[in-house]
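Visitor: Structure, please.
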Amino acid sequence: MCLAIPAKVVEIEDNMGTIDMEGTRREVSLLLLEDAKIGDYVIVHAGFAIHKIDEKEAMESIKLLREMASLVDQEIS
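Guide: The predicted model follows:
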């Protein structure tokens, strides 16, 4: 199973972007997106930004991921 994570683009240089995922920053390739801009939310998978999404959708996805992580933590405890 693969998991694609929503993240905010905070810097762009050439075809590479710096994204912020809940305070963690990573470098990703923007080659698969035509018009990524600073401030956009993107879905990131395997080091590539693969799809732009709106902020509301990104926040909903992040909320669901937090809830799932919380459930896993409860099961482990």
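Visitor: switch to C-alpha atoms for all contacts and neighbour counts from now on
Guide: Fine.
Visitor: what's the longest strand along the chain in contact with?
Guide: In the chain, with assignment by DSSP state E, the single longest strand is strand 5-13. Counting contacts by CA atoms under 8 Å, 6 or more residues apart in numbering, the residues outside strand 5-13 that touch it are 17-22, 36-45, 58, 61-62.
Visitor: How far off centre is stretch 63-77?
Guide: 18 Å (CA atoms, centre = their mean, to the nearest Å).
Visitor: just checking, what packs against the helix or strand of the chain with the lowest mean pLDDT?
Guide: Least confident helix or strand, the chain: helix 55-76 with a mean of 87, by mean pLDDT, DSSP states H and E. Here helix 55-76 touches strand 5-13, strand 41-45, going by 3 or more CA pairs under 8 Å, 6 or more residues apart in numbering; DSSP states H and E.
Visitor: where in this protein is pLDDT low?
Guide: Counting by pLDDT under 70, the chain has low-confidence residues at 1-2.
Visitor: same thing but 90
Guide: Scanning the chain for pLDDT under 90 picks out 1-5, 21-22, 34, 45-46, 61-62, 65-66, 68-77.
Visitor: Which positions within stretch 43-56 qualify as buried?
Guide: 43, 44, 48, 49, 50, 51, 52, 55 (16 or more other CA atoms under 10 Å).
Visitor: same check, this time on stretch 16-33
Guide: 17, 18, 19, 20, 21, 27, 28, 29, 30.
Visitor: Just list the residues touching the fourth one, thanks.
Guide: The reference is to residue 20. 7, 8, 9, 10, 26.
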